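# my questions are about this predicted structure, shown below with the sequence.
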Amino acid sequence: MRLVLVGPPGAGKGTQAEFIAAHLSVPKISTGDIFRANVSQGTPLGLEAKRYMDDGKLVPDEVTINMVRDRLAEPDAGDGFLLDGFPRTVPQAVALDKLLADLGTQLELVMELVVDDDEVIRRLSGRRQCRGCGKIWHVEFEAPSRADLCDRCGGELYQRDDDKPEVIAKRLREYSDKTAPLVDYYGAQGKLVGIDATGPVEDVTVRAIDALRSYGG
Ligand code: AP5
């Protein structure tokens, strides 16, 4: 299956993407994770992306589209994928449609995680991520047994630079200005399914998998 997860920052896309990708046996492709890996390796792409990410802004479309084009050309994405955080603008969505059409295929489903701004702020301000395996934790909702270490791999946990309150506010504005229009874009294609993303992680996963099953996934 070729699937996109869309939703505001902190909606739980990365958290749910792990379970959904495992359920579908497809690779999870997160543009945020790819940018962060480039930032930590100090690549030219990472240096460019960091300027935007630290300011809560989207990385320019051209840079992001080229990066996704390269990633989708890798063999593991040939039979399906789950995109987390891409597309994020209508031009990115148009580019993705074209890229897939050139490969003789198309997106099957776009899943929107629906959650309000107050919940997003609570989730982002308590998020911690593992530098080793990338596992996402939350100091309150999914707390590791030691505040600074990952229970899964023993890696160091850190707080993302863009999870500061002033950057969160900018990311939410970027979302409503540039990403929310994708709901109409994919709605018009008949590919959009909305999921209530409030409540415990496990409940959201059950809703997501139920919705996938009704679309053959
Ligand atoms: P990206 O990494 O994609 O950030 P985002 O979309 O802002 O999403 P987040 O990763 O912040 O949140 P999430 O929805 O994955 O939530 P999570 O599962 O972690 O992008 C970062 C930056 O990169 C962008 O700002 C931009 O600069 C750049 N970028 C990336 N893609 C781009 C693109 N296509 N174009 C241009 N620029 C791009 O959950 C959050 C917290 O909540 C966690 O602590 C988690 O444990 C907790 N949680 C999750 N679910 C629940 C639940 N049900 N109940 C309680 N807590 C929960």
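All right, it came through fine.
# the helix or strand hosting G46 and the ligand in contact?
Element membership of G46, judged by DSSP states H and E, is helix 44-53. Yes. Under the criterion of CB under 6 Å from any ligand atom, the ligand is reached by helix 44-53 at 52-53. No exception for glycine: its C-beta is placed from N, CA and C like everyone else's.
# I'd like the next helix or strand past that helix.
helix 61-72.
# still on that earlier bit, between the helix holding G46 and helix 61-72, how many degrees?
Angle of helix 44-53 versus helix 61-72, following axes from the mean of the first three to the mean of the last three CA atoms, to 10 degrees, is 130 degrees.
# tell me the mean pLDDT for helix 44-53?
For helix 44-53, mean pLDDT rounds to 96.
# pull the distance from that helix to the chain's centre.
Here helix 44-53 is found 18 Å from its chain centre; the criterion is CA atoms, centre = their mean, to the nearest Å.
# got the contact list for the closest residue to the ligand within the chain?
Relative to the ligand, the nearest point of the chain is G32 (2.0 Å; CB to the nearest ligand atom). G32 is in contact with 14, 84-85, counting by CB atoms under 8 Å, 6 or more residues apart in numbering.
# in a helix, it, correct?
Yes. Under DSSP: H, G, I helix; E, B strand; the rest coil, G32 sits within a helix.
# and the residue nearest to P165 when sequence neighbours are not counted, how close does it get to G10?
In space, P165 comes closest to S125 once its chain neighbours are excluded; the distance is 6.9 Å by CB to CB, 6 or more residues apart in numbering. Distance, S125 to G10, using CB to CB, to the nearest Å: 9 Å.
# so what sits against both of those two?
By CB under 8 Å, 6+ apart, the residues touching both S125 and G10 are I168.
# neighbour count for the two, which is higher?
Neighbour comparison, S125 and G10: the larger count goes to G10, with 27 against 16 (by other CB atoms under 10 Å).
# for P87, see how far away that one is.
G10 is 18 Å from P87, by CB to CB.
# show me what from the chain comes close to the ligand.
So the chain meets the ligand at 7, 9-15, 31-32, 35, 52-53, 57-59, 64, 85-86, 88, 92, 123-124, 126-127, 136-138, 141-142, 162, 171, 200-201, 204 (CB under 6 Å from any ligand atom).
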